[in-house]
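[1] A predicted structure for the sequence below; I have some questions about it.
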Amino acid sequence: MTMRLDYLSIFPAYFDVLDISLLGKAAVNGLVEVHAHDLRDWTHDRHRTVDDTPCGGGAGMVMKPDPWGEAFDEIIGTEPDSSVHVIFPSPSGAPFTQSAAQELSSAVRIVFCCGRYEGIDHRVIDYARSMWTVHEVSLGDYVLNGGEVAALAITEAVVRLVPGFMGNPESLAEESFSAGQDGLLEYPLFTRPVSWRGLDVPEVLMSGHHGRIAKWRRDESVRLTCERRPDLTDSDFGVPH
Ligand SMILES: CN1CCN(Cc2ccc(Cn3ccc4ccc(-c5n[nH]c(N)c5C#N)cc43)cc2)CC1
């Protein structure tokens, strides 16, 4: 089943990068189909205007609803369809998580609505909710200038989970935030040479003793998680929930 990805933005060139690397290969293999659209193609004035001043006053500009509505009609259609997932990256969105990426990896169609300025007229989101499955998501607690970078990050997190995308699906099982790791951060990784600029690979990893190696890796994951992500640990026992 091919996953269709659409990107609506006033900077559609952001998504040219999706033609390279693994994502480009997935497109070639027919796993994903990528379409980037310039929102200004649905404006009708000489200046191709997409923004206006905020009702009620305030700083900056707000994206007008009209171009979004006309773009939706042409790109998605005018009939409700809950199988279409419409993603609005937003600083006020719910934190995007690995489980959200996992859920979206089985979607047949995802449309990314990349806002700019101070954001998109809220009626656009309300309309989309009346038609499709809408996700207002945030990458994290820092401010970006628009939704494009978030759309690229979410795309990579989702598409790499699509069956057939990753050459070695086993590598997905051992990742941070994936269910199999009990919510722990990944342990430190090493490869050859064994000694590099006076720094050596931990001896246990060269011992060939799989039990000791597994214990060292688990201990390192717990240590790192307690140090860097106490929010993921249970303070009573120092281990993840
Ligand atoms: C009255 N004030 C009240 C505070 N706001 C705050 C504000 C609103 C928009 C923008 C710029 N912008 C426009 C579209 C858009 C989408 C995503 C993101 C985004 N930022 N950080 C993430 N993790 C993001 C994601 N994902 C930013 C975006 C910046 C700051 C301004 C108006």
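    Ah, there it is. Numbering: from 1, shown residues only.

[2] flag every residue of this protein that's near the ligand.
    Counting by CB under 6 Å from any ligand atom, the residues of the chain close to the ligand are 58, 89-91, 93, 115-116, 118-119, 138-140, 142-147, 150. Where C-beta positions appear, they are placed from N, C-alpha and C, glycine not excepted.

[3] could you flag which of those residues are buried?
    89, 90, 91, 93, 115, 116, 119, 138, 139, 146, 147, 150 (16 or more other CB atoms under 10 Å).

[4] return the subset of those residues lying in strands.
    Mapping these onto strands (DSSP state E) picks out 89, 90, 91, 93, 138.

[5] farthest-separated two in those residues?
    Across these, no pair lies farther apart than 89 and 91, at 8.6 Å, counting by CB to CB.

[6] the most centrally placed residue in the chain: what secondary structure?
    For the chain, residue 154 is the residue whose C-alpha lies nearest the centre (CA atoms, centre = their mean; 1.3 Å). Remark: residue 154 carries the secondary structure label helix [criterion: DSSP: H, G, I helix; E, B strand; the rest coil].

[7] low-confidence regions, this protein specifically.
    22, 167-171, 173-181, 235-241 (pLDDT under 70).

[8] could you pull out the strands for this protein?
    3-9, 32-38, 51-52, 62-63, 84-95, 109-113, 133-138, 195-196, 199-200, 233-234, 239-240.

[9] okay, those in a markdown table with distance to residue 71 next?
    Formatted as a markdown table, the strands of the chain follow (distance: least, CB to CB, whole Å):
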| stretch | distance to residue 71 |
| --- | --- |
| strand 3-9 | 6 |
| strand 32-38 | 6 |
| strand 51-52 | 15 |
| strand 62-63 | 11 |
| strand 84-95 | 11 |
| strand 109-113 | 9 |
| strand 133-138 | 15 |
| strand 195-196 | 52 |
| strand 199-200 | 53 |
| strand 233-234 | 44 |
| strand 239-240 | 43 |
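
[10] wait, which of these is closest to residue 158?
    Among the strands of the chain, strand 109-113 sits nearest to residue 158 (CB to CB), with 7.2 Å.

[11] what's the closest one in contact with?
    With CB atoms under 8 Å, 6 or more residues apart in numbering as the test, strand 109-113 has contacts from 3-9, 68, 75-76, 83-89, 104, 120, 124, 128, 132, 147, 151, 154-155, 158.

[12] check stretch 138-154 too.
    7, 9, 11, 14-15, 17-18, 87-96, 101, 104, 112-116, 137.

[13] one more time with 6 Å, if that's ok
    Contact with stretch 138-154 is made by 7, 9, 11, 14, 89, 91, 93, 95-96, 112, 114-116, as judged by CB atoms under 6 Å, 6 or more residues apart in numbering.

[14] pull the most distant pair out of the residues you listed.
    Between any two of the contacts of stretch 138-154 (CB to CB), the greatest distance is 24.2 Å, for 11 and 95.

[15] just want to know which of these two has more residues nearby.
    Neighbours were counted for residue 11 and for residue 95 using other CB atoms under 10 Å; residue 11 has more, 16 against 10.

[16] about what we covered before: list just the nearest of the ones in strands among the buried ones among the residues of the chain next to the ligand to residue 29.
    Distances from residue 29 to those, taken by CB to CB, are shortest for residue 89, at 26.8 Å.
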